[in-house]
Each structure stands twice: as structure tokens, then as C-alpha cells.
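[1] Quick one, fold the following:
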Amino acid sequence: MVDLLEERHSQNNSDAAESRLRSALAVAGSSDDDAAPATALIKIGHIQRSQSKYEEAEESFTLAQATYFSLGDDQGQANALFGLGQTQYAQSKYTEAEESFTQALTIRQNGNNDAGIASTFRALGQIHFAQSKYSDAVKFLTQAGDLYASRGDNRRRGGILERLGNVHRTYSKLREAEECYSLAEGVFASIGDDLGQAKCLLALGNIHSTKSNHQQPSSFFTRGLSLYTSPSKAKGMPNTLRAIGESLLLLSRHTEAEEAFTLAHGVYVSVGDSRGQANVLCSLGKLYCALSNYGEAERSYVRAQDIYDNLGCELGKANTLRGLAEVQRSQARYDDAEESYDLAQAIYCSIRNDLGQANALLGLGEIHHSRSKYTEATDSFRRASELYVGIHHELGQANALDGLGKVYFQQDKYRESKDSYRKARSLYARLGRKISRASDVKWKALRALDGVYKKLGYVPSSVKIKLTGGAESWSVRIIVDSGKGKSSIGTQPMERHLRPPSGLA
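    Next up is the predicted model:
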């Protein structure tokens with residue numbers, strides 16, 4: 001998830017924030033300006049929000065709004081509502097945040113405040129993104145980008161294009177994401193923004209790796225990372241450090257990824273950014289899980305979860321629970337993993353995050369399949385598929401259909417299995433991805449079964465496909481029962497080198 005606010009390096013530490021707070025209060029107390037107290041309250045609210053003091057911040061913005069209302073200052077009201085929306089967003093209070101931003105937008109549109117309108121469009125885009133409302137997120141972010149372009153504000157236009165790329169990539173719209181990142185990279189290059197340019201190049205590298213295009217990713221990563229002689233060059237930019245770490249993790253450069261994440265964590269701690277600390281702890285959890293260092297992975301996720309709990313960040317809590325579930329599933333701790341997925345799914349449902357719900361259901365489906373609980377697995381994969389369809393997430397839909405295919409196969413429901421695999425293969429092909437080796441073997445066995453039916457001239461009353469082998473060679477034996485006893489139709493070799501599974505959405 002992209003941060004709602006641009007990375008701010010001026011918020012150095014809590015002492016500096018407290019100093020600004022005292023200054024704001026002093027100004028309000030000594031000024032003859034009737035609006036001074038409201039202006040001070042807005043400054044105080046932003047400081048409190050930066051310190052994760054959300055209840056106090058909400059109170060400050062609400063008091064500021066009331067003061068501006070009494071003075072008839074519409075733009076002041078809009079600014080207070082915008083700050084209130086930012087604070088609500090930080091706590092995953094998406095319905096309340098959307099209402100605050102919408103009220104601010106109406107006021108700003110009536111006052112022809114283009115800069116304010118653009119920033120509010122951007123905020124609304126992020127709110128809809130957080131709620132898995134793909135079309136609405138794209139609509140609002142595009143409107144923000146158009147306004148920034150009309151104002152000649154290339155820095156913010158580049159930022160919006162990057163955000164649009166992130167939205168498209170989250171929903172596996174890789175062609176659209178690639179276009180946005182390429183445009184953003186050009187904008188950042190034209191204004192000499194190495195940081196923005198590097199982030200876009202890293203994102204393009206991630207996309208090409210996702211598409212399994214092995215000729216091009218290295219050039220994107222090399223160009224992006226070349227803007228930093230080492231991760232320490234970006235030591236003052238923790239969000240960028242984390243992005244670098246994620247790219248290095250994708251390249252399996254684990255030592256360098258850990259260095260970047262650790263440096264980012266240190267910066268977040270030094271500036272008192274609790275949310276940043278939790279986010280990078282989640283990245284470390286993912287890294288340690290990839291290294292099968294499950295103890296460290298679990299500790300990282302638990303620490304992140306504690307921080308999100310203190311912040312009241314429901315989305316963060318759900319994401320850490322899902323990360324914990326992945327760690328537990330990797331260790332075959334299925335009871336623990338199932339509980340973690342269930343808790344995560346409940347939170348995603350409460351904050352209306354359909355993508356999170358679908359991903360949790362997909363994980364639950366895998367657990368149920370591993371435990372031969374086929375009825376539960378079928379239900380989880382079906383529900384996940386429906387959610388993915390609703391948010392236009394084709395990769396997730398393909399993964400859910402692939403899961404249904406293998407569950408049906410295990411139950412000898414070969415017609416249903418073939419139909420699910422056929423749909424999954426079609427989606428994977430459209431996305432430029434490879435189906436897993438295991439699923440490809442089952443698909444070929446199902447195709448072989450069609451040949452058996454054709455040879456027999458009828459559909460037997462009972463059919464059983466038995467797969468043997470592994471690694472690079474598999475064989476299929478199809479056993480049919482014509483009603484006069486069982487017979488084997490022979491063994492067909494199925495040798496083919498395929499890429500390993502692509503992973504979950």
C-alpha cells in the first residue's frame with residue numbers, strides 16, 4: 001500500500017515536533033487574528049498525527065473546523081476536514097475518512113481551489129485503493145494527475161503516475177502499470193528527481209520479473225539501483241530504502257535486502273515513525289520466511305502486529321496476521337495458520353478490503369487442501385474467486401481456479417477439474433504467466449482422459465487417474481471400470497521441464 005502522504009523528512013524526531021507544538025500554541029495565544037487559534041489547532045493536529053496521537057489529532061482538527069465554521073472561513077474548514085480525513089485514514093477508518101475528504105472536496109470545488117482539489121482527489125484515490133475499489137481509485141488518481149499536469153506541477157504529477165502504477169500492479173494490470181511507471185520515470189528524469197526515477201525503475205523491474213521476462217529485469221534493476229552507490233546513500237529516505245529492499249528480495253539478493261530493510265528500520269526509529277517501523281518489520285518477516293528462518297520471521301511479524309495494535313491500524317494488523325499465517329503454513333502448523341487466516345479475514349471484512357479477504361481465503365484453501373478437507377477447500381477457493389472477480393483481479397482469480405482444479409482432481413471430479421484448469425490457464429496466458437508444474441501435469445492427465453473416452457466410445461461408470469513420478473518426469477495411468485471389472489489403459493510418459501509455481505496473489 002502506498003503511503004497517503006508524501007515522504008516527509010522534516011519530521012526529524014519527537015522533540016522537534018514538541019517544539020513546533022509549543023510555537024504554534026504561543027502564536028495562537030498572542031495573535032489578534034480570530035482565525036489564529038484554528039490555524040494553530042491545524043498545525044497541532046498534524047504534529048499529533050505525525051506522532052500517532054490519533055485521538056488528540058482528531059479532536060484538534062474537529063475544534064479547528066468548528067472555529068472556521070463560526071468565522072465563515074470555508075477554505076479553513078476544508079483544510080481542517082482534510083487533516084481529519086488523513087488522521088482517520090491512518091487508523092483504517094475508511095468510511096469516516098471518505099466522508100471527511102468528500103466534504104473537503106465539495107468546499108474546495110466551490111472555491112476553485114485547484115491545488116486543494118487535486119490533493120483531495122489523490123486522498124480519495126488512496127481511500128478507494130485501501131477498500132479494493134479499483135475503478136474508483138483509478139478515477140480519482142487520474143483526476144488528480146490531470147489537475148497537476150494543467151498546473152505544470154510535474155513533481156506531483158510524477159507522484160500520481162507512480163501511485164497509479166502501484167494501483168494497477170496490485171490488481172495485476174501489468175500493461176497499465178508499466179505504462180504509468182514509464183511515464184512517471186520520464187517525468188522524474190525531466191526534473192532531475194533521481195529518487196522518483198529510481199523508484200519507478202525498480203517497479204518496472206518488478207513487473208518484468210513478474211511477467212517472467214528474464215532478459216529485461218536486470219537492466220531496470222541495474223539502472224534503478226545505480227542511482228545509489230549503496231543502500232546507505234538513501235539512509236535519509238526510509239520509504240525508498242524499503243522499496244530497494246523489496247527489489248533486492250525479488251532478485252534473491254537476501255543479504256543486501258536485509259541491509260536495506262535494517263537501515264530503513266533504523267531511520268524510522270530515529271524519526272519516531274511507528275507505522276514505518278511496522279511496515280519494514282513486515283518486509284523483514286517476508287525476507288526471513290523466504291530464507292526459511294521462521295523464528296525470526298515470526299518475531300518480526302509479532303513486533304509489527306504490536307505496533308499496529310497501538311496505532312489502531314486495522315489494515316496493518318490484518319496484513320501481519322496473513323504474514324504470520326504464511327510462516328505457520330510453511331512449517332505445517334496448520335491449526336495456527338488457519339486461526340491466523342481466519343482472524344485476518346475477519347478484519348479485512350470489517351474494513352471492506354476485498355483483496356485482503358480473497359488472499360486470506362486463498363491461503364485457507366491451500367491449508368484445507370493440504371489436510372484433505374476438500375469441502376472446506378472448495379468453499380474457500382470459490383469464495384476467493386468470487387471476490388477476485390468482483391475487484392477485477394485476474395491473477396488472484398487464476399490462482400483460485402487453479403486451487404479448485406487440484407481439489408476437484410483429488411476427488412476424482414475430473415470434468416470440474418478440467419473446467420477450472422482451463423479457465424485458470426486462459427487467465428495465466430493472458431497475464432503472461434506460467435502455470436505450476438504440478439497443475440500442468442494434471443491438465444495433461446485430464447487431456448489424456450479425453451483420449452481414453454474417445455478410444456472407448458463411451459464414458460465409463462468409474463474412472464481413476466493415478467500419477468506417479470516427480471522432478472522432471474511424470475507418468476499417468478488411467479484405470480476405468482466399465483461395469484465388468486477394472487482395467488488399466490496403460491502408462492503415458494509426460495516429460496517436460498516447466499517453471500516452478502508462481503506463488504499466491
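[2] Please count neighbours and contacts with C-alpha atoms only from this point.
    Fine.
[3] mean confidence for the strand or helix carrying residue 420?
    For residue 420, the element it lies in under DSSP states H and E is helix 414-431. In this model, helix 414-431 has a mean pLDDT of 92.
[4] Give me the buried stretch members for that helix, please.
    414, 416-425, 427-428, 431 (16 or more other C-alpha atoms under 10 Å).
[5] Show me what it is packed against.
    Packing contacts for helix 414-431, counted by 3 or more C-alpha pairs under 8 Å, 6 or more residues apart in numbering; DSSP states H and E, involve helix 394-410, helix 437-456.
[6] and the angle from the last one to helix 414-431?
    Interaxial angle, helix 437-456 versus helix 414-431 (axes from the mean of the first three to the mean of the last three C-alpha atoms, to 10 degrees): 130 degrees.
[7] For helix 437-456, buried residues please.
    By neighbour count, and taking 16+ other C-alpha under 10 Å as the criterion, the buried residues in helix 437-456 are 437, 439, 440, 441, 442, 443, 445, 446, 448, 449, 452.
[8] what does stretch 190-201 give?
    Within stretch 190-201, the residues that qualify as buried are 194, 195, 196, 197, 198, 199, 200, 201, counting by 16+ other C-alpha under 10 Å.
[9] So what's the gap between whichever helix or strand the second one is part of and the chain middle?
    This points to residue 195. Secondary structure assigned from DSSP H and E places residue 195 in helix 194-210. Between the centre of helix 194-210 and the centre of its chain there are 16 Å (C-alpha atoms, centre = their mean, to the nearest Å).
[10] Following it in sequence, what is the next regular element?
    Using DSSP H and E, the helix or strand that directly follows helix 194-210 along the chain is helix 217-225.
[11] Against which helices or strands is the helix or strand following that next one packed?
    The helix or strand immediately downstream of helix 217-225 is helix 238-250, counting by DSSP H and E. Using 3+ C-alpha pairs under 8 Å, 6+ apart as the contact definition, the elements that helix 238-250 packs against are helix 194-210, helix 254-270, helix 274-290.
[12] okay, those in TSV with distance to residue 309 and mean pLDDT next?
    Written out in TSV, the entries for the helices and strands packed on helix 238-250 read as follows (distance: least, C-alpha to C-alpha, whole Å; pLDDT from 0 to 100):
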stretch	distance to residue 309	mean pLDDT
helix 194-210	30	82
helix 254-270	17	91
helix 274-290	10	95
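[13] Please produce CSV containing the ones you listed, extended by distance to residue 169.
    Formatted as CSV, these follow (distance: least, C-alpha to C-alpha, whole Å):
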stretch, distance to residue 169
helix 194-210, 8
helix 254-270, 21
helix 274-290, 18
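[14] Out of those, flag the one nearest residue 119.
    With respect to residue 119, and counting by C-alpha to C-alpha, the nearest of those is helix 194-210 at 18.5 Å.
[15] Point out the one among the helices and strands packed on helix 238-250 that comes closest to residue 174.
    helix 194-210 (6.7 Å).
[16] And for the closest one, what's in contact with it?
    Residues from elsewhere that reach helix 194-210 (C-alpha atoms under 8 Å, 6 or more residues apart in numbering): 158-159, 162, 169, 174, 178, 181-182, 184-186, 188-189, 214, 216-221, 223-225, 227, 240, 243-244, 247, 250, 433.
[17] Out of these, which end up buried?
    Members of the contacts of helix 194-210 classed as buried by 16+ other C-alpha under 10 Å are 158-159, 162, 169, 174, 178, 181-182, 184-186, 188-189, 217-218, 220-221, 223-225, 227, 240, 243-244, 247, 250, 433.
[18] any idea how far stretch 254-273 is from the chain center?
    What separates the centre of stretch 254-273 from the centre of its chain is 20 Å, taken as C-alpha atoms, centre = their mean.
[19] Need the CA coordinates for it. PDB is fine.
    The C-alpha trace of stretch 254-273 is given here as PDB (Å, rounded to 0.1, in the frame of the first residue of the first chain):
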ATOM      1  CA  HIS A 254      19.000 -11.500   0.500                       C
ATOM      2  CA  THR A 255      22.000 -10.100   2.300                       C
ATOM      3  CA  GLU A 256      21.600  -6.700   0.600                       C
ATOM      4  CA  ALA A 257      17.900  -6.700   1.100                       C
ATOM      5  CA  GLU A 258      18.300  -7.300   4.800                       C
ATOM      6  CA  GLU A 259      20.800  -4.400   4.900                       C
ATOM      7  CA  ALA A 260      18.300  -2.000   3.200                       C
ATOM      8  CA  PHE A 261      15.500  -3.100   5.500                       C
ATOM      9  CA  THR A 262      17.600  -2.700   8.600                       C
ATOM     10  CA  LEU A 263      18.800   0.700   7.600                       C
ATOM     11  CA  ALA A 264      15.200   1.800   6.900                       C
ATOM     12  CA  HIS A 265      14.100   0.400  10.300                       C
ATOM     13  CA  GLY A 266      16.800   2.500  12.000                       C
ATOM     14  CA  VAL A 267      15.600   5.700  10.300                       C
ATOM     15  CA  TYR A 268      12.000   5.000  11.100                       C
ATOM     16  CA  VAL A 269      13.000   4.600  14.800                       C
ATOM     17  CA  SER A 270      15.100   7.700  14.800                       C
ATOM     18  CA  VAL A 271      12.300   9.900  13.500                       C
ATOM     19  CA  GLY A 272       9.600   8.200  15.600                       C
ATOM     20  CA  ASP A 273       7.700   6.900  12.700                       C
END
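[20] With distance to residue 364 and pLDDT added, can I get the buried residues of helix 437-456 in a markdown table?
    What follows is the buried residues of helix 437-456, written out as a markdown table (distance: C-alpha to C-alpha, whole Å; pLDDT from 0 to 100):
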| residue | distance to residue 364 | pLDDT |
| --- | --- | --- |
| 437 | 21 | 84 |
| 439 | 19 | 89 |
| 440 | 22 | 88 |
| 441 | 24 | 87 |
| 442 | 22 | 89 |
| 443 | 23 | 90 |
| 445 | 26 | 86 |
| 446 | 26 | 88 |
| 448 | 31 | 83 |
| 449 | 30 | 83 |
| 452 | 35 | 77 |
